[in-house]
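Q: Sequence first, then the predicted structure:
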Number of protein chains: 2
Amino acid sequence: MGRPREFDADDALQTALELFWRKGYEGTSITDLTDGMGITKPSLYGTFGNKEVLFRMALQRYEQNYMAFFWSALEQPKARTVAFDILRGFVNAQTEECNPGGCLVVNAARACSDAALEIHKTIVERIEVGQKALARRFERAKREGDLPADSDPEDLARFILTVAQGTAVQASSGASREEVYRLVDIAMKSFPGAS
Amino acid sequence: MGRPREFDADDALQTALELFWRKGYEGTSITDLTDGMGITKPSLYGTFGNKEVLFRMALQRYEQNYMAFFWSALEQPKARTVAFDILRGFVNAQTEECNPGGCLVVNAARACSDAALEIHKTIVERIEVGQKALARRFERAKREGDLPADSDPEDLARFILTVAQGTAVQASSGASREEVYRLVDIAMKSFPGAS
DNA sequence: GACGTTCCATACCGATCGGTATAGAACGGC
DNA sequence: GCCGTTCTATACCGATCGGTATGGAACGTC
């Protein structure tokens, strides 16, 4: 009962996600959000709570809708394919025409001012979650003989994500998909099992 | 003649550099700057003009004092040494105890809000200057037979700087110097001439 | 010691920040 | 038709943003 809302909350969240992606957490103002969503401030606060929870909801949606490739890549049978699929998946998301450039997480990782410290902590934590999951996957590969006995799974995981973060900077600076694809090919030469 | 200023402008600029390094352009407020410098706003504006020119002065000082290794690395005789010295130099600057974490340029590269567009353009431009200089160095190496005939100097330059940008994200997220050193070693396996 | 000059301290500017109080408009249930 | 509820619109909140006007204090010069 009561008056029905005149906008689609899901559409609005998608708009917020894209704005945060493009401009970062602190770079996106409430006015940016309400203008983009086409709603008023009370509607935004009534629906989403406040800016911080809205960002966290957008972050969750981002991981679900744009970072899903990461977790399915982990299920590839060979570590080398895991690594390649992850890098390619990142680059695809970062250079998709209809997406903002770069990576929402990396773009927001410099939520710099003291006021955004909590957001920064969350971002760093999300990166670590992915890095640890990848390291565990590489440990399994090492046990299976899929990775050499002298390789360090944690270092390899850090390397892959570091390249992904680097490509995010490149992509948000305007590098083309093909350029970054070639970059991934070069990076993969460092990975055990290169032809 | 006139009353002498009661603070050292060079010290103040160094403080500004460190604040911008740690918190980015928009994340650093005028109050942050004046508090850190121990001066008042009129002194800051009288000495440096405004926030944007202060940032550009800090950026210039940063390149001179912390990125000098880049240009001397270019003078190394072998391309592989050039690449390694550059990566090591970046990591050293990014993980120096007494420095803020990461890279001022990468941290500021997400000067996200619409207001900071000019700063963002400058930052992207500074990255490109380095990337092009490195590509030219690798072109020379290719001509000299120091790099294989089928290698692409531009792609190699982009790869090295992408890894450097990735390490900057890692470092500002708290990775240790040794961890990032190992990461550089892995990345160097992609570079032509690996043992 | 008066002077022009330069710097410092306080207090202020309009704009914007994230967030909210208030009042009215649009609905379902009775 | 009326009520309770939930939305929307306007107008506002204190705080902070980058930047400045004003007045006095500290100098070298004469």
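A: Done, it's in. Just so you know, these numbers come straight off a predicted model, no measurement behind them.

Q: Beyond the longest helix seen in chain A, next helix or strand please.
A: In chain A, assigned by DSSP state H, the helix with the most residues is helix A:117-143. Remark: after helix A:117-143, the chain's next helix or strand is helix A:153-172, criterion DSSP states H and E.

Q: Need the mean per-residue confidence for that next one.
A: Average pLDDT, helix A:153-172: 96.

Q: helices or strands next to it in the packing?
A: helix A:79-95, helix A:104-109, helix A:117-143, helix A:177-188, helix B:104-109, helix B:153-172, helix B:177-188 (3 or more Cβ pairs under 8 Å, 6 or more residues apart in numbering or on different chains; DSSP states H and E). (Each C-beta comes from the backbone N, C-alpha and C, glycine too.)

Q: what about the longest helix of chain A and DNA strand D, any contact?
A: No - contact of helix A:117-143 with DNA strand D (Cβ under 7 Å from any atom of the strand) is absent, the minimum separation being 13.7 Å.

Q: buried set for that helix?
A: Residues of helix A:117-143 classed as buried by neighbour count (16 or more other Cβ atoms under 10 Å in any protein chain shown): A:119-120, A:122-124, A:126-127, A:130-131, A:134-135, A:137-139, A:141-142.

Q: Which of those residues sits closest to B:Glu97?
A: Among the buried residues of helix A:117-143, A:Val124 lies closest to B:Glu97 (Cβ to Cβ), at 19.5 Å.

Q: residues in contact with that closest one?
A: Shown in contact with A:Val124 (Cβ atoms under 8 Å, 6 or more residues apart in numbering or on different chains): A:109, B:173-174.

Q: cutoff 10 Å now
A: A:105, A:109, B:169, B:172-174 (Cβ atoms under 10 Å, 6 or more residues apart in numbering or on different chains).

Q: of those, buried ones?
A: Buried residues within those, counting neighbours by 16+ other Cβ under 10 Å: A:105, A:109, B:169, B:172-173.

Q: Identify the residue spatially nearest to A:Gly102, adjacent ones excluded.
A: In this structure, A:Gly102 finds its nearest non-sequential neighbour in A:Ser172, 2.9 Å apart by Cβ to Cβ, 6 or more residues apart in numbering or on different chains.

Q: and what of A:Asp152?
A: B:Arg182 (7.3 Å).

Q: Hmm, A:Phe159 and that neighbour touching each other?
A: Yes - B:Arg182 is within contact range of A:Phe159, at 8.4 Å (criterion: Cβ atoms under 10 Å).

Q: okay, now the domains of chain A?
A: A:9-60, A:67-188 (automatic domain parsing).

Q: closest to A:Arg3 out of these?
A: For these, proximity to A:Arg3 was assessed by Cβ to Cβ; domain A:9-60 is nearest, at 11.5 Å.

Q: With that, I have no additional questions.
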